[in-house]
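Participant: Whatever this is, show me its structure:
(one chain, ligands or ions: 1)
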Amino acid sequence: MTSIYNFSAGPAVLPQAVLKRAQAEMLDWHGSGMSVMEMSHRGKDFLSILAKAEADFRALLTIPDNYKVLFLQGGAVAENVMIPMNLLNGKSADYAITGSWSKRSVKEAMAIGSINVVAQSEPFTYVPDFADWMLSEDAAYLHICTNETVNGVEFDGLPGAGGVPIVADMSSHILSKPVDVSKYGVIYAGAQKNIGPAGLCLVIVRDDLLEQASATTPCVFHWKQQAENDSMVNTPPTYGIYMAGLVFEWLLERGGVAVIEQENIAKAALIYNYIDSTDFYINEVAEQNRSRMNVPFSLKDEVFNAAFLADAEKHGLLQLKGHRSVGGMRASIYNAMPLAGVQALVDYMKLFEKSH
Ligand SMILES: *Cc1c(COP(=O)(O)O)cnc(C)c1O
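Facilitator: Sure, this is the predicted structure:
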């Protein structure tokens, strides 16, 4: 196999070591004679996989005991409707729009209940100053997206929300650095960026917030029912959970998220420093909000876009095309992207700049 680096925004690169282990265990998991895909979700083998995945995830993020971890289906966009169903409880909720995903979250939540947009950036290149957010004291929750995958905008700190629980979409930067979970009411993340294959969504929810679901919430969307049933109100995405568990083990072996954060800082610095050193490439995001995971950039002269992407592929640098709403390029450099991959990209960018 030729060696490549995959910069996809998601589904995204997974650690080679994890894929190899999954391959080795594919036909016969730990002497069970079965693939994980073939096991009953209620059997002791799979229950041990789920318990280990949860324990390792809790260890990685030091999740306090008064939070439940749910392994759900439907991705982050399904959570966009589950959140108001589970939390609104007759009130309204505050939302900040800082990019494409938080904008989508507002649209989805508005179908369920009453939503106030309390902050909005224009264009999506920064997080508005927290002092200007028009927060409501009696909101059911405040929703934010702490890393905007499409726009490459990452939060630097959190707004002071008083007693209002903060609900954060961390799909594209969860596990990229330590977080103080106790500052949030709910954290959720689709798996396909930094956790594992698509089809699984992790939800971390504070216990007291499990009491607010609307009576019409369907059972599979009902966080309390899912919590009481170990995420098995129906069949959970078993193989995705197994893969996530392997990624968690890989992260722990490497020293946990504090160590990974240092690597992510180094990777991000490498590419942003190069972009800033030339006017051939442009990144418009405010410096303190530049994402360590998703680096959108454009060429000063857009006529070279197609050539940039085609030549990149010849160099084994894949899936660098920007989101269709933004254009240009985007390099997603998640946990599983080694520093050598970012170095290869920067080397290629230099080469391309010289020849154009
Ligand atoms: C990818 C992504 C989503 C969408 O996840 P789905 O699994 O497609 O529902 C939502 N929010 C953010 C921040 C994302 O990066």
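Participant: Just the element for the nearest residue to residue 321 once chain neighbours are set aside, please.
Facilitator: Counting by CB to CB, 6 or more residues apart in numbering, residue 321 lies nearest to residue 309, which is 5.8 Å off, once chain neighbours are set aside. In short, each C-beta sits where N, CA and C put it, glycine included. Remark: residue 309 resides in helix 305-314, with elements defined by DSSP states H and E.
Participant: domain parsing for the protein?
Facilitator: Per automatic domain parsing, the structural domains of the chain span 17-253, 255-355.
Participant: Highest mean neighbour count out of the ones you listed?
Facilitator: For these, the stretch with the most neighbours on average is domain 17-253, a mean of 19; neighbours defined as mean count of other CB atoms under 10 Å.
Participant: So is it next to the ligand?
Facilitator: Yes - residues of domain 17-253 are located near the ligand by CB under 6 Å from any ligand atom, namely 75-77, 101, 145, 149, 169, 171-172, 190, 193.
Participant: Do a quick rundown of the strands in the stretch 151-300 of the chain.
Facilitator: 153-154, 166-169, 186-190, 201-206, 281-282, 294-299 (DSSP state E, counting those that start in this stretch).
Participant: for the residue nearest to residue 235 when sequence neighbours are not counted, what are its contacts?
Facilitator: Excluding its sequence neighbours, the residue lying closest to residue 235 (CB to CB, 6+ apart) is residue 41, at 5.5 Å. For residue 41, the set of contacting residues under the criterion of CB atoms under 8 Å, 6 or more residues apart in numbering consists of 232, 235-236, 238.
Participant: distance of residue 41 from residue 241?
Facilitator: As for residue 41, its distance to residue 241 is 9 Å (criterion: CB to CB, to the nearest Å).
Participant: Now do the residue of the stretch 251-356 of the chain found nearest the ligand against residue 150, distance only.
Facilitator: At 8.1 Å from the ligand, residue 294 is the closest residue in the stretch 251-356 of the chain, using CB to the nearest ligand atom. With distances defined as CB to CB, the gap from residue 294 to residue 150 amounts to 8 Å.
Participant: what residues are shared contacts of the two?
Facilitator: Shared contacts of residue 294 and residue 150 (CB under 8 Å, 6+ apart): 9, 330.
Participant: quick one: which helix or strand includes the residue nearest to residue 235?
Facilitator: Per DSSP H and E, residue 41 falls between elements, in no helix or strand.
Participant: on that earlier part again, could you check the pLDDT of the residue nearest to residue 321?
Facilitator: With respect to pLDDT, residue 309 scores 96.
Participant: pLDDT value on the nearest residue to residue 185 once chain neighbours are set aside, please?
Facilitator: Distances taken as CB to CB, 6+ apart place residue 165 nearest to residue 185, at 2.5 Å, with adjacent residues excluded. Residue 165 carries a pLDDT score of 98 in this model.
Participant: Could you measure from residue 165 over to the ligand?
Facilitator: Applying CB to the nearest ligand atom, to the nearest Å, one obtains 19 Å for the distance of residue 165 from the ligand.
Participant: what's near enough to touch that residue?
Facilitator: Taking CB under 8 Å, 6+ apart as the contact definition, residue 165 lies against 87, 141-142, 184-186, 206, 209.
Participant: Could you do residue 146 as well?
Facilitator: By CB under 8 Å, 6+ apart, the contact set of residue 146 is 154-155, 168-170, 173.
Participant: which non-adjacent residue is nearest it?
Facilitator: Nearest-residue entry for residue 146: residue 155, 4.4 Å, with adjacent residues in sequence omitted and distances by CB to CB, 6+ apart.
Participant: Low-confidence stretches in the chain?
Facilitator: Within the chain, the stretches with pLDDT under 70 are 1-2.
Participant: at 90 instead, please
Facilitator: Segments of the chain classed as low confidence (criterion: pLDDT under 90) are 1-3, 325-326.
Participant: The closest residue to the ligand within it and residue 196, how far apart?
Facilitator: Nearest to the ligand in the chain, going by CB to the nearest ligand atom, is residue 75, at a distance of 2.4 Å. Plainly put, residue 75 is 12 Å away from residue 196 if you go by CB to CB.
Participant: so how far is the longest helix seen in the chain from its chain's centroid?
Facilitator: Using DSSP state H, we find that the single longest helix of the chain is helix 257-276. Relative to its parent chain, helix 257-276 has a centroid offset of 17 Å by CA atoms, centre = their mean, to the nearest Å.
Participant: now do stretch 247-260
Facilitator: A distance of 16 Å separates the C-alpha centroid of stretch 247-260 from that of its chain, computed with CA atoms, centre = their mean.
Participant: Same check on stretch 218-235?
Facilitator: The answer for stretch 218-235 is 22 Å, by CA atoms, centre = their mean.
Participant: And for stretch 156-163?
Facilitator: Between the mean C-alpha point of stretch 156-163 and the mean C-alpha point of its chain there is a distance of 20 Å (CA atoms, centre = their mean).
Participant: Secondary structure of residue 303: a helix, I assume?
Facilitator: Yes - secondary structure of residue 303, determined by DSSP: H, G, I helix; E, B strand; the rest coil: located in a helix.
Participant: picking up where we left off before, using JSON lines, lay out the strands of the stretch 151-300 of the chain together with distance to residue 21.
Facilitator: Rendered in JSON lines, the data for the strands of the stretch 151-300 of the chain read as follows (distance: least, CB to CB, whole Å):
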{"stretch": "strand 153-154", "distance to residue 21": "30"}
{"stretch": "strand 166-169", "distance to residue 21": "29"}
{"stretch": "strand 186-190", "distance to residue 21": "22"}
{"stretch": "strand 201-206", "distance to residue 21": "20"}
{"stretch": "strand 281-282", "distance to residue 21": "37"}
{"stretch": "strand 294-299", "distance to residue 21": "27"}
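Participant: Much appreciated, bye for now.
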